[in-house]
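> turn this into a structure:
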Amino acid sequence: MLSKIIKPFGIILLGFMLFGSSPFVSQAYWAHATTDSATDITPTNATFNGFVDTGGLPGDAWFEYGTSISFGLSTSLNAHIFNSAYSGNYSTNISGLTANTIYYFRSVAQNSEGIVYGNVTSFTTNFSTSGYNNSMSPTAVTTSGAVLADNTAQFNALILTGNSQKADTYFEWGTTPSLGNQTTLTPTNGAPAIRHMNTITGLAPGTAYYFRAVAQNSYGRSDGAILSLVTSGSAQNNTKTTADKITSTDTTTVVNKSGNETSASSKLGPNFIGSGSFFPTSLFGWLILLILTLALILLGKHAYRQFKK
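Model (predicted):
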């Protein structure tokens, strides 16, 4: 009787042998991408750098970039084509960027198994004083904002303090171009120019927000242009935003050299759809799974009959 119960396990063993060599474990051939820091940064140009491993298959790579972690722009698709043995660095020069602006970018790689994404890295293009006067009053320049989460946004600005090198700066913002809200005043502390950033949480998802930079001292006030951004998420999930839910954090950086580079964690990360999943990724894989399921059902019925006897 015991042999009759154990015999069906041979079917299970055979199934798992096929399972182990099926497309379930084809992930060894996926490409790998890593994003490195940007270099050669100017007010309107930068060089994106990355690392790619084609996973033993021919592949290609490019970059995605933009003024938020949603990107929206990319270098030429299939810009770098590699053979199956390639593993190393690649780079692309980008022009037409906006001065005094934070940009986010990541490397992207693919082979016949699919597409993978590298980590997200950011940098700030250099500021340009072209067109701005150098009087005693300050100059506020609103630069592109960034959506960091469904309820979090970052406002950015360049503040030129003028000859006095003394000024206070803040942001005015709201859900209409009339604004209506104001962040706390931040002193420039004698620096001739600073990058001012304010991160605000507690915002409503899927909502347009307008903002502008403001700088002022005893000689006058300067208003930057009004820009806008839309928080991510669904507007259907909005709850009424109240003052006690809003928090803000100011950050200033003295501008004296090339823009400082920072890193941001990607929402997507270096993962891809199906990575680490138990479920098959091909028709053959599903067939093996069906065979294993039927074998388990037959084994259960057989064991039940033997138990009844």
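
> Gly59 contacts Trp30, doesn't it?
No: counting by CB atoms under 8 Å, Gly59 sits too far from Trp30 to count as a contact (9.7 Å). To be clear about C-beta, it is placed using only N, CA and C from the backbone, and glycine gets the same treatment.

> shared neighbours of those two, anything?
Common contacts of Gly59 and Trp30 (CB atoms under 8 Å, 6 or more residues apart in numbering): Asn111.

> more neighbours: which of these two?
Gly59 (28 against 23; other CB atoms under 10 Å).

> now do the more buried one against Ser112, distance only.
From Gly59 across to Ser112, the span is 8 Å (CB to CB, to the nearest Å).

> now do Pro58
Pro58 sits 8 Å away from Ser112, going by CB to CB.

> ends of stretch 227-234, how far apart?
Using CA to CA, to the nearest Å, one end of stretch 227-234 lies 21 Å from the other.

> same check on stretch 55-73?
One end of stretch 55-73 to the other measures 26 Å (CA to CA).

> and what of stretch 198-212?
Span of stretch 198-212 from end to end, CA to CA: 11 Å.

> pull out the buried positions in it.
For stretch 198-212, burial by neighbour count (16 or more other CB atoms under 10 Å) applies to Asn198, Thr199, Ile200, Leu203, Ala204, Pro205, Thr207, Tyr209, Tyr210, Phe211, Arg212.

> dihedrals phi and psi, the third one?
As for Ile200, its main-chain torsions (degrees, to the nearest 10) stand at phi -120, psi 130.

> following the least confident helix or strand in the chain by mean pLDDT, which helix or strand shows up next?
Scoring the helices and strands of the chain by mean pLDDT, DSSP states H and E places strand 261-264 at the bottom, with a mean of 35. Following strand 261-264 in sequence order, the next helix or strand is helix 283-308 (DSSP states H and E).

> in that following helix, what counts as buried?
Quick answer for helix 283-308 (16+ other CB under 10 Å): Gly285, Ile288, Leu289, Ile291, Leu292, Ala295, Leu299.

> please apply the same query to stretch 104-124.
Applying 16+ other CB under 10 Å to stretch 104-124 flags 104-111, 113-114, 116-124 as buried.

> what separates the first and last residues of stretch 149-169, distance-wise?
Using CA to CA, one end of stretch 149-169 lies 25 Å from the other.

> all helices for this protein, in order.
Along the chain, counting by DSSP state H, helices occupy 2-6, 9-20, 283-308.

> any idea how far Gly55 is from Thr34?
Gly55 sits 13 Å away from Thr34, taking CB to CB as the criterion.

> the two: which has the busier surroundings?
The neighbour comparison of Gly55 against Thr34 (other CB under 10 Å) goes to Gly55, with 21 against 17.

> who are the contact partners of the more buried one?
Here Gly55 is in contact with Ala28, Tyr29, Trp30, Ala31, His32, Asn111, Glu113 (criterion: CB under 8 Å, 6+ apart).

> so where do the strands sit in the stretch 1-150 of the chain?
32-39, 46-53, 59-66, 73-74, 80-82, 87-94, 102-111, 114-124, 139-149 (DSSP state E, counting those that start in this stretch).

> all set now, cheers.
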